[in-house]
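Undergrad: Requesting a structural model of the entry that follows:
(4 chains)
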There are 2 protein chains.
Amino acid sequence: MGERRRGADLERAILDAAWSELSARGYSGLTMEAVAERAGTSRPVLARRWDGKAPLTVAAIRQEIAKYPMNVPDRGDLRTELLEFLEQASKRAIGIAAVFTLFSSEYFAEAASVPNDLRAAVVQGNGTMLPAILDRAVQRGDIAREKLVPPVDALLGTLFREYVVMNFSAPPPDLRTAWVDRIFLPLVRAS
Amino acid sequence: MGERRRGADLERAILDAAWSELSARGYSGLTMEAVAERAGTSRPVLARRWDGKAPLTVAAIRQEIAKYPMNVPDRGDLRTELLEFLEQASKRAIGIAAVFTLFSSEYFAEAASVPNDLRAAVVQGNGTMLPAILDRAVQRGDIAREKLVPPVDALLGTLFREYVVMNFSAPPPDLRTAWVDRIFLPLVRAS
DNA sequence: AAAATAAGATGCATTAATGTATCTTGACTC
DNA sequence: GAGTCAAGATACATTAATGCATCTTATTTT
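TA: Predicted coordinates:
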């Protein structure tokens, strides 16, 4: 029986399996055993690559999130771009929610870390899309630079995260529209 | 050696111990054994009262949160009341954060439940303070009723939760002030 | 004072997961 | 085609926590 996977191939398959387990049972329900079985391999193979549940899980989440890159091109209109941004972000909602599955874990207890740190580690440079959109809008004169001050500048991200974390699912389109039209734009629009 | 605790007395002591363990090690690090030892009792005593980790933890969180009742009397001024509301809420921040410590647990996996459901179960009728404050402000004419529409009406609670969950700590006073002055009041103030 | 009840201590079997060592076999390198 | 390396399969010991049963002892009830 041929077909023996190696290196990056194998690694990808294992991370996919880990992601499936994570989605199905959550972090506490994830075992190396189950991941190995689902990936059609065995525990020693996992043990050679990752040090335990936490590193494996982080790797799996990062691979998953990387599948949905954020990219909002210039549409000439802030509102359109913000809605597009939220739509794309919603595609990775489950990945984001999974991060919080790590909450109760040793991860935070040992690392003296808080969820925000983990989030930063997972998204890496991926979190720069919103500032770019807002910058363009300022250039255009759609919004006033002086209104774009903390905590207003990060408001949409904040609302999005809260929803995802509390509901383990993506915010519905009409809620996203309400965020933009009833909250964010009224606050920043040059009046 | 006298002094044998019973009934409600004993129960309170156990829940305090469970809370301490929860704060110190997080949900995944909490064991019936450790709670029993910290409370100066033994596992069978816990087993007779709670069915396992999850129910014990919920009970401990509820007892903790009950120690900081929310009560914002009429101060005649919306801004003052909102700041007071956020200040009181901050006192229970750790309790709220602890709720999310349950994330990775069997709790959500089995109950087909999301964090919002758990939150509702824990706060019970305690979450009605903000609507009351806003109602008063509408009566006074400080804010326009028609601006108090979802998701604006719940905005302060949303911001508060997001901060607590992401940072495992209470928001600092100047951030709370910024939420009120730069975000919430501009949105609802009768213009 | 006697009886009922529940606290507190202890022991044991069970379950679940992990780490690690060993061995065979397939696949890639030179 | 030989040699090397890692995949894949097993096995075993260890650890951690739980459930349950039993027994003693303190406290409350009547």
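Undergrad: right, and A:Glu21 touches A:Ala34 too?
TA: Yes - counting by CB atoms under 8 Å, A:Ala34 is a contact partner of A:Glu21 at 5.4 Å. The C-beta positions use only the backbone N, C-alpha and C, and glycine is treated the same way.
Undergrad: Please tell me how far the residue nearest to the spatial centre of chain A sits from A:Val122.
TA: Averaging the C-alpha coordinates of chain A gives a centre point, and the residue nearest to it by CA atoms, centre = their mean is A:Ile96 (3.6 Å). If you measure A:Ile96 against A:Val122 using CB to CB, to the nearest Å, the figure is 8 Å.
Undergrad: Toward the C-terminus, what is the element adjacent to the lowest-mean-pLDDT helix or strand in chain A?
TA: With mean pLDDT, DSSP states H and E as the measure, the helix or strand of chain A carrying the lowest mean pLDDT is helix A:106-111 (a mean of 61). Using DSSP states H and E, the helix or strand that follows helix A:106-111 towards the C-terminus is helix A:115-123.
Undergrad: what's downstream of that following helix, the next helix or strand?
TA: Next along the chain after helix A:115-123, with elements defined by DSSP H and E, is helix A:129-140.
Undergrad: Residues contacting that following helix, please?
TA: Counting by CB atoms under 8 Å, 6 or more residues apart in numbering or on different chains, the neighbours of helix A:129-140 from elsewhere in the structure are A:70-72, A:74, A:76, A:78, A:81-82, A:85, A:143-145, A:148, A:153-154, A:156-157.
Undergrad: Mind doing that once more with 6 Å?
TA: With contact meaning CB atoms under 6 Å, 6 or more residues apart in numbering or on different chains, helix A:129-140 is reached by A:70, A:72, A:74, A:78, A:81, A:143, A:145.
Undergrad: How confident was the prediction at the second one?
TA: Model confidence at A:Val72, expressed as pLDDT, equals 95.
Undergrad: OK, contacts around it?
TA: The neighbours of A:Val72, taking CB under 6 Å, 6+ apart as the test, are A:81, A:84-85, A:129, A:133.
Undergrad: will you turn the residues you listed into CSV that also has pLDDT?
TA: Formatted as CSV, the entries for the contacts of A:Val72 read as follows, by pLDDT from 0 to 100:
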residue, pLDDT
A:Glu81, 97
A:Glu84, 97
A:Phe85, 96
A:Met129, 91
A:Ile133, 96
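Undergrad: ok, these vs DNA strand C, which is closest?
TA: Ranked by distance to DNA strand C (CB to the nearest atom of the strand), the contacts of A:Val72 are led by A:Met129 at 35.0 Å.
Undergrad: And for the closest one, the neighbour number?
TA: 19 (other CB atoms under 10 Å in any protein chain shown).
Undergrad: can you tell if the longest helix out of those in chain A touches chain B?
TA: As far as residue count goes, and with DSSP state H defining each element, the longest helix of chain A is helix A:7-29. Yes - counting by CB under 6 Å from any CB of the partner chain, chain B is contacted by helix A:7-29 at A:25-29.
Undergrad: now swap in stretch A:46-64 and tell me
TA: No - for a cut-off given as CB under 6 Å from any CB, stretch A:46-64 has no contacts with chain B; the smallest distance is 9.7 Å.
Undergrad: Give the rounded mean pLDDT of that stretch.
TA: Predicted confidence along stretch A:46-64 averages 91 (mean pLDDT).
Undergrad: if we look at it, which residues are touching it?
TA: Stretch A:46-64 is contacted from outside by A:15, A:18-19, A:32, A:36, A:95, A:98, A:107, A:122, using CB under 6 Å, 6+ apart.
Undergrad: what residues does chain A put near DNA strand C?
TA: When proximity is defined by CB under 7 Å from any atom of the strand, chain A lies next to DNA strand C at A:1-4, A:6, A:29, A:31-33, A:43-44, A:47, A:51-53.
Undergrad: if we go to 10 Å?
TA: Of all the residues in chain A, those in contact range of DNA strand C (CB under 10 Å from any atom of the strand) are A:1-7, A:9, A:25, A:28-36, A:42-48, A:50-53, A:56.
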